[in-house]
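Colleague: sequence plus predicted model, see below.
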Amino acid sequence: MSETILYSSSYTDSATLQSDKVKGDGYYGMSDGLHTIMIDLNGFIGAIKIQGSLAQEPTEADWFMIELDRGAVSLDTTGKASALVETSLTYTSAETSIKSYNATGNFVWIRADISDWSAGTISRIELNR
């Protein structure tokens, strides 16, 4: 099931934006907790964080950063592999791309938090659960 977290938004003069909340796996009682988030950017400069909440009626204090798995691994000097995850997607130069990330958790609600926005467009941010 796919749902739009954030529709097309272009930079005006506000450096911050929060999307409305959308329902995550936990809202529907699903137990796998797998969410795929697609982010479509055009000339975007700023930071994007995806936040989750476990509360049915979340207050601002109930939101936390969700780790986004890029589907890649890093190897340390011993050969141990670790997943590359990010809690903030920060772009200091104009980013034009469509990327997807996986996040696992029984989040009841999910939203996008945009900060330090200084240029470009977020064409869309979508959630598939």
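Modeller: The structure has been received and is ready for your questions. Residues are numbered from 1 along each chain as shown.
Colleague: quick one, what contacts residue 103?
Modeller: The neighbours of residue 103, taking Cβ atoms under 8 Å, 6 or more residues apart in numbering as the test, are 34, 35, 36, 37, 50, 52, 66, 67, 68, 69. Just so you know, the C-beta spots here come from the backbone N, C-alpha and C atoms, and that holds for glycine as well.
Colleague: quick one, grab the pLDDT at the residue of the chain most remote from its centre.
Modeller: Centroid-distance maximum for the chain: residue 78 at 31.3 Å, with Cα atoms, centre = their mean. Among the per-residue scores, residue 78 shows a pLDDT of 84.
Colleague: let's have the contacts of residue 103 in JSON lines, adding distance to residue 94.
Modeller: As requested, these are arranged in JSON lines below (distance: Cβ to Cβ, whole Å):
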{"residue": "34", "distance to residue 94": "31"}
{"residue": "35", "distance to residue 94": "27"}
{"residue": "36", "distance to residue 94": "25"}
{"residue": "37", "distance to residue 94": "21"}
{"residue": "50", "distance to residue 94": "21"}
{"residue": "52", "distance to residue 94": "28"}
{"residue": "66", "distance to residue 94": "25"}
{"residue": "67", "distance to residue 94": "26"}
{"residue": "68", "distance to residue 94": "21"}
{"residue": "69", "distance to residue 94": "25"}
